[in-house]
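**Q** Show me how the following folds:
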Amino acid sequence: MDIRLALIALVHAALIGVGVWLIVIDARTHRLPNRIVLPTLGCLLALVVVDALAMGQGAPLVRALLGMVILGGFYAVLRALSRAGMGGGDVKLAAVIGLVLAWHGWQALAIGAAAAFVLGALYALVLILLRRANGSTRIAFGPWMIVGALLGVLLG
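**A** Predicted coordinates:
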């Protein structure tokens, strides 16, 4: 197996571990802690730079950085429009997810970003239909962002 592919697989396995950890925390507390999200973002930024230098290709790095800014910026706008809805942790996690998904490609970013909202909406709808929630019930969105990102990587 190519060493680069092995390292990519290792990084993705670590991201799955971090993702599961964040899902559990967000589902329980409605928080995505900076002590987890920000170091993850920092490590990923370093890794995409190293990958670009090692491969001699700047396009994936530029695309990843644009994805980070685009998805993180989109969530920042959502947060600004509805302070009670999107949290700051969601915005920072969106930057992480945007970086990873755009590194994989624009299609992965589009699928992952859209899937988060579709899955979150379906979950909320089921809760409302079961009368376990109403329009003002807070629902952790981080888990849906992470599952959406996984779908983006797998289907993109």
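
**Q** Apart from its chain neighbours, what residue comes closest to Ala124?
**A** In space, and not counting its chain neighbours, Ala124 is closest to Ile139: 5.6 Å by CB to CB, 6 or more residues apart in numbering. Yep, even glycine has a C-beta here, placed from its N, CA and C like the rest.

**Q** From the centre of the chain, give me the residue that's furthest out.
**A** Distance to the chain centre peaks in the chain at Arg131, reaching 29.0 Å (criterion: CA atoms, centre = their mean).

**Q** Show the model's pLDDT score for it.
**A** We have a pLDDT of 91 for Arg131.

**Q** what sits against the nearest residue to Asp26 once chain neighbours are set aside?
**A** For Asp26, ignoring the flanking residues on the chain, the nearest one in space by CB to CB, 6+ apart is Gly142 at 3.6 Å. Contact analysis of Gly142 by CB atoms under 8 Å, 6 or more residues apart in numbering lists Leu22, Ile23, Asp26, Leu32, Gly89, Asp90, Leu93.

**Q** what's the neighbour count on the last one?
**A** The reference is to Leu93. Neighbour count for Leu93, taken as other CB atoms under 10 Å: 28.

**Q** got a pLDDT number for it?
**A** Per-residue confidence (pLDDT) for Leu93: 98.

**Q** Give the helix, strand or coil label for it.
**A** Here Leu93 is recorded as helix under DSSP: H, G, I helix; E, B strand; the rest coil.

**Q** So it is in contact with Leu22, correct?
**A** Yes - if you go by CB atoms under 8 Å, Leu93 and Leu22 touch, sitting 7.1 Å apart.

**Q** Which element, helix or strand, includes Leu101?
**A** helix 88-104 (DSSP states H and E).

**Q** If you count neighbours, what's buried in that helix?
**A** Judged by neighbour count (16 or more other CB atoms under 10 Å), helix 88-104 contains these buried residues: 89-104.

**Q** can you check stretch 26-40 too?
**A** For stretch 26-40, by 16+ other CB under 10 Å, it's Asp26, Leu32, Ile36, Val37, Thr40.

**Q** Only alpha carbons, please: show it as PDB.
**A** The C-alpha trace of stretch 26-40 is given here as PDB (Å, rounded to 0.1, in the frame of the first residue of the first chain):
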ATOM      1  CA  ASP A  26     -23.000  17.500  21.600                       C
ATOM      2  CA  ALA A  27     -25.900  15.100  22.000                       C
ATOM      3  CA  ARG A  28     -25.500  15.300  25.800                       C
ATOM      4  CA  THR A  29     -24.500  18.900  26.400                       C
ATOM      5  CA  HIS A  30     -25.400  20.900  23.200                       C
ATOM      6  CA  ARG A  31     -21.700  21.900  23.100                       C
ATOM      7  CA  LEU A  32     -18.800  21.400  20.700                       C
ATOM      8  CA  PRO A  33     -15.800  22.100  22.900                       C
ATOM      9  CA  ASN A  34     -13.000  24.400  21.600                       C
ATOM     10  CA  ARG A  35     -10.500  22.100  23.300                       C
ATOM     11  CA  ILE A  36     -11.400  19.400  20.700                       C
ATOM     12  CA  VAL A  37     -12.500  21.300  17.600                       C
ATOM     13  CA  LEU A  38      -9.700  23.900  17.500                       C
ATOM     14  CA  PRO A  39      -6.800  21.500  17.800                       C
ATOM     15  CA  THR A  40      -8.500  19.300  15.200                       C
END
